[in-house]
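Chemist: how would this look folded up:
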Amino acid sequence: MTPPPTVLHWPDAGGGGSGGAIASGGTETTAGGYKYHTFTSSGTLTVSSAGSVEYCIVAGGGGGGAFFGGGGGAGGMLTGTTSVTAQSYSITVGAGGAGSGYGNVGSNGSNSSAFALTAVGGGGGGRRDVNALDGGSGGGAGRPTSLPGSGTAGQGNNGGNGLFNVTSTHSGGGGGGASAAGSDGTLGVGGDGGDGLQWPTGSGTYYAGGGGGGATTGGSGGLGGGGDGSASANASDATTNTGGGGGGAAYSSGSGGDGGSGIVIVRYLL
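Modeler: Residues are numbered from 1 along each chain as shown. Coordinates of the predicted model:
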């Protein structure tokens, strides 16, 4: 059986190169000597000349929890290089998971895939006494006895812990991001979502940030589109086409934010 392409987190993927690659599909742009094919929804990359390409595959982020809810985990993120041949490649872009209403955990995001590689959807944020969900990155826990979700090795990180205190406001943990785990909630302050990864290096564009936990002072979403946590209001949705996790909501009158949809980007030297 032919092994799948090597999976590397940026910047370890290297510079790539055209190797004669020519393709069409997605939104096509050129910048810095590269041609980019950006898929914000599912589609087809049609390769007319074989060569080497770089890819960034981001799954949909998880939705935030409610009732001392944790932030949603970011969608899994895969970057690297692979060789392509003259054929059509199916590209799947996953949707973000729904944020929860009162008393529920957030929903997981959906997977994204390309080149026989699958980025796993982010884990939904937990709620009071109900565990967060595993995913590309794990959702943040609600107040104990809720446990944080686990991330997928090579794609993301774990969510943070929630905090229970009998004399102070409880808080939810932050959702995990592509480059860092979600932080733990503290007294009255939700955990921050873990930061995502920049792709390509030097672009200033980040993907797959975790959502902030819910508390009197909500945690901040991680770099890469993570939504902020909230107190009584609805938490923030993650940014579309980043794979960010939705923010968690603290009180019964608020709902967790929705996770951001994923994205697939392919580029090669002109």
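Chemist: what helix or strand does residue 241 sit in?
Modeler: Following DSSP states H and E, one finds residue 241 outside all helices and strands.
Chemist: Show me the strands in this protein, by range?
Modeler: 22-24, 27-31, 34-39, 43-49, 51-58, 77-84, 88-91, 112-114, 117-119, 197-198, 206-207, 263-269 (DSSP state E).
Chemist: Now distance to residue 230, mean neighbour count and mean pLDDT too, for those strands, in JSON lines please.
Modeler: For glycine as for every other residue, the C-beta is placed from the backbone atoms N, C-alpha and C. Output for these, formatted as JSON lines (distance: least, CB to CB, whole Å; neighbours: other CB atoms under 10 Å; pLDDT from 0 to 100):
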{"stretch": "strand 22-24", "distance to residue 230": "42", "mean neighbour count": "17", "mean pLDDT": "96"}
{"stretch": "strand 27-31", "distance to residue 230": "33", "mean neighbour count": "11", "mean pLDDT": "97"}
{"stretch": "strand 34-39", "distance to residue 230": "31", "mean neighbour count": "19", "mean pLDDT": "97"}
{"stretch": "strand 43-49", "distance to residue 230": "35", "mean neighbour count": "15", "mean pLDDT": "97"}
{"stretch": "strand 51-58", "distance to residue 230": "25", "mean neighbour count": "26", "mean pLDDT": "97"}
{"stretch": "strand 77-84", "distance to residue 230": "25", "mean neighbour count": "23", "mean pLDDT": "97"}
{"stretch": "strand 88-91", "distance to residue 230": "34", "mean neighbour count": "17", "mean pLDDT": "98"}
{"stretch": "strand 112-114", "distance to residue 230": "27", "mean neighbour count": "25", "mean pLDDT": "98"}
{"stretch": "strand 117-119", "distance to residue 230": "28", "mean neighbour count": "24", "mean pLDDT": "98"}
{"stretch": "strand 197-198", "distance to residue 230": "26", "mean neighbour count": "22", "mean pLDDT": "98"}
{"stretch": "strand 206-207", "distance to residue 230": "22", "mean neighbour count": "27", "mean pLDDT": "98"}
{"stretch": "strand 263-269", "distance to residue 230": "25", "mean neighbour count": "25", "mean pLDDT": "97"}
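Chemist: Output those in JSON lines, with distance to residue 169 appended to each entry.
Modeler: Converted to JSON lines, the strands of the chain look like this (distance: least, CB to CB, whole Å):
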{"stretch": "strand 22-24", "distance to residue 169": "52"}
{"stretch": "strand 27-31", "distance to residue 169": "44"}
{"stretch": "strand 34-39", "distance to residue 169": "42"}
{"stretch": "strand 43-49", "distance to residue 169": "45"}
{"stretch": "strand 51-58", "distance to residue 169": "33"}
{"stretch": "strand 77-84", "distance to residue 169": "33"}
{"stretch": "strand 88-91", "distance to residue 169": "44"}
{"stretch": "strand 112-114", "distance to residue 169": "36"}
{"stretch": "strand 117-119", "distance to residue 169": "35"}
{"stretch": "strand 197-198", "distance to residue 169": "32"}
{"stretch": "strand 206-207", "distance to residue 169": "30"}
{"stretch": "strand 263-269", "distance to residue 169": "36"}
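Chemist: The ones you listed: which one's closest to residue 140?
Modeler: Residue 140 lies closest to strand 77-84 among these, at 17.8 Å (CB to CB).
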